[in-house]
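Asks: No letters, just coordinates:
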């Protein structure tokens, strides 16, 4: 008996000592900084995932934090009087939940980025009404914009969702594609400040429920082709009743209630017409509720690839195999699902060399109860979702993310992250859910490849208040060397966010002009070496959500007065190596000619 008692005492002591050592030493496995959220994909509402009663990202709700960023919303003084119309009604028409985008592009080539806002409308569309049309605003400088919708002919009155901008006819002027619920629209830039609508004649008037779109030259013939995302098969007649019918509380239905629709790959035939090449390109084997698209060379083989985000389907990665065909790398790439292998509600997307290793990482915004996914490019076409360990997950889990951009806002040479958030339903509290309709935007600073949340009041009043965000784009609207942002809101005016932070360094701006390659140089990769840093930027097609950024401008930081070395890989395979002298700011680089230095701002090349 005494021997048994001694054995018990020794066992207790040893066990307690081992537990104390474990407590002091911490876990033996790699720590996980963010709390995982249990899978719950049964609640109603677009993307309807977990109820976010527990909000691990409390900092994004307004707690005071430090931030190197400072933005001022100047839309009220800008002359932009656009107000978005979602098309929401008591019938909860599904497309109205997803919003509309915005394009930043210099349509008149005066060196200033203009704006084109898209809007929804009542469903079915009541054509001929003037209260709900897309609107175009010309940048007059000094943060003043003039409504030139009537003069340009861009005032489409249908249900517009996404927009893509690209010079498909290689005449030097950017053209506009509008992806709609209903027939899509292609507007050819006439070069005199006006556009002509040619979608039917060009064969690109796809009648499905469109979302995002992207111009790219996938077959290397020097002409921009077009990828069009479609969401689902839906009509007012088939619209289901979701919510609590007994209490009369109706909300938007879950995405699984609608059948996914196939996207379209339009090949540019070079005669003003396109044909659907999705079968011949090998992109017809998967169906997903398409929301976002980015066209970029993710495996550094010189050919532009496609990455598509889908709502409650895997995200698709298609690698360009050459000869006008793509290989499906979706499942073996690691970029299809989150770190637990689950499908998320992929919406906004962007790609950038955020850790300066020359490879493009992928960033995807998702629904509440999910985290925004950050897929690190490991090389060899392998990706890993490391959003949790990189600091991008916790402050995104409570919110519904949409438009996004990976760009350097503070001029330190590292691409930061901006996300606009907002729910789909304004009445979820009536269903007993703690899911606010208006939500705070997100902003993260890149600290040498890791991210720190830097939104809230310290980044400006806009980031301390709640919004129902959807589309997002960036451009240097005042040509002062830093990037500004525009965010669209459901049934409200947009935000025009002037970047007022003092940049950490000077800036260099490039405009690439393809000759053998497509005119916009979409797919070109630029390795930049300045001071201690070397990184890659690409001219991408698509990105964000339903929105388009100015393809003409590549903006990056220069450190001190160090010279800048550029190594440009054009889509045609041509290589350009050059050194930019200290003190110079803006350049135009033609594919087969020396760089042209510009004074003050970007201007058209002679003969364009």
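Replies: Good, I have the coordinates. Nothing here was measured: the structure is a model prediction, and the numbers come from that model.
Asks: Low-confidence ranges, the protein, go.
Replies: 1-64, 128-130, 583, 593-608 (pLDDT under 70).
Asks: Who does the residue nearest the centre of it form a beta bridge with?
Replies: By C-alpha atoms, centre = their mean, the chain has its centre lying nearest to residue 544, at 1.3 Å. According to DSSP bridges, the partner residues bridging residue 544 are residue 349.
Asks: Please look at it and residue 291 and confirm they touch.
Replies: No. Taking contacts as C-beta atoms under 8 Å, residue 544 lies outside contact range of residue 291: 10.9 Å. Where C-beta positions appear, they are placed from N, C-alpha and C, glycine not excepted.
Asks: Which neighbours do these two have in common?
Replies: Residues touching both residue 544 and residue 291 (C-beta atoms under 8 Å, 6 or more residues apart in numbering) are 212, 348.
Asks: residues near the residue lying closest to residue 284 once chain neighbours are set aside, how many?
Replies: Residue nearest to residue 284 in three dimensions, not counting chain neighbours: residue 278, with 5.0 Å by C-beta to C-beta, 6 or more residues apart in numbering. When neighbours are counted by other C-beta atoms under 10 Å, residue 278 registers 18.
Asks: give the contact list for residue 278.
Replies: Applying C-beta under 8 Å, 6+ apart to residue 278 gives the contacts 262, 263, 264, 265, 284.
Asks: Contact partners for the residue nearest to the centre of the chain?
Replies: 101, 212, 292, 348, 349, 350, 403, 404, 405, 471, 472, 473 are the contacts of residue 544 under C-beta under 8 Å, 6+ apart.
Asks: again, 6 Å this time
Replies: Contact analysis of residue 544 by C-beta atoms under 6 Å, 6 or more residues apart in numbering lists 348, 403, 404, 405, 472.
Asks: Highest neighbour count among those?
Replies: residue 403 (34 neighbours).
Asks: How far does the strand or helix carrying that one sit from its chain's centre?
Replies: Under the criterion of DSSP states H and E, residue 403 resides in strand 401-407. Centre-to-centre, strand 401-407 and its host chain are 5 Å apart (C-alpha atoms, centre = their mean, to the nearest Å).
Asks: Equivalent analysis for stretch 70-84, please.
Replies: 21 Å.
Asks: Can you list the buried residues in it?
Replies: By neighbour count with 16 or more other C-beta atoms under 10 Å, stretch 70-84 contains the buried residues 70, 71, 73, 74, 75, 78, 80, 82, 84.
Asks: how near is residue 163 to residue 476?
Replies: 19 Å (C-beta to C-beta, to the nearest Å).
Asks: Which one's more surrounded, the two?
Replies: Using other C-beta under 10 Å as the criterion, residue 163 and residue 476 rank with residue 163 on top: 26 against 21.
Asks: wait, doesn't the more buried one sit right on residue 102?
Replies: No. If you go by C-beta atoms under 6 Å, residue 163 and residue 102 don't touch, sitting 7.2 Å apart.
Asks: What about residue 463? Give its phi and psi, please.
Replies: Note on residue 463: its backbone torsions stand at phi -80, psi -10 [degrees, to the nearest 10].
Asks: Quick check: it touching residue 455?
Replies: Yes. Counting by C-beta under 6 Å, residue 463 touches residue 455, with 4.6 Å between them.
Asks: any residues in contact with both of those two?
Replies: In contact with both residue 463 and residue 455: residue 443, using C-beta under 6 Å, 6+ apart.
Asks: Among the contacts of residue 544, which pair sits farthest apart?
Replies: Greatest spatial distance among these (C-beta to C-beta): 348 and 405, at 8.6 Å.
Asks: Now do the same contact list for residue 227.
Replies: Contacts of residue 227 by C-beta under 6 Å, 6+ apart are 214, 265, 293.
Asks: Filter those residues down to the buried ones, ChimeraX style.
Replies: Those of the contacts of residue 227 that count as buried under 16+ other C-beta under 10 Å are selected in ChimeraX with:
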select :214,265,293
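Asks: buried ones in stretch 420-435?
Replies: Quick answer for stretch 420-435 (16+ other C-beta under 10 Å): 420, 421, 422, 423, 424, 425, 426, 427, 428, 431, 433, 435.
Asks: now stretch 546-564
Replies: Buried, per 16+ other C-beta under 10 Å, within stretch 546-564: 546-559, 564.
Asks: In strands only, show me the buried residues of stretch 420-435.
Replies: When DSSP state E defines the strands, the subset of the buried residues of stretch 420-435 inside them is 420, 421.
Asks: From the buried residues of stretch 420-435, pick the one nearest residue 505.
Replies: Nearest to residue 505 among the buried residues of stretch 420-435 is residue 420, at 27.0 Å by C-beta to C-beta.
Asks: correct me, but that closest one touches residue 441?
Replies: Yes. Counting by C-beta under 6 Å, residue 441 is a contact partner of residue 420 at 5.2 Å.
Asks: any common contacting residues for the two?
Replies: Residues touching both residue 420 and residue 441 by C-beta under 6 Å, 6+ apart: none at all.
Asks: ok, now which ones touch the residue nearest to residue 461 when sequence neighbours are not counted?
Replies: Using C-beta to C-beta, 6+ apart and skipping residues adjacent in sequence, the residue nearest residue 461 is residue 73, 7.2 Å away. If a contact means C-beta under 6 Å, 6+ apart, then residue 73 has 462, 495, 497 as its contacts.
Asks: what's around the last one, how many residues?
Replies: Look at residue 497: counted by other C-beta under 10 Å, it has 27 neighbours.
Asks: How about the second one?
Replies: In terms of burial, residue 495 registers 22 neighbours under the definition other C-beta under 10 Å.
Asks: Kind regards, and thank you for your time.
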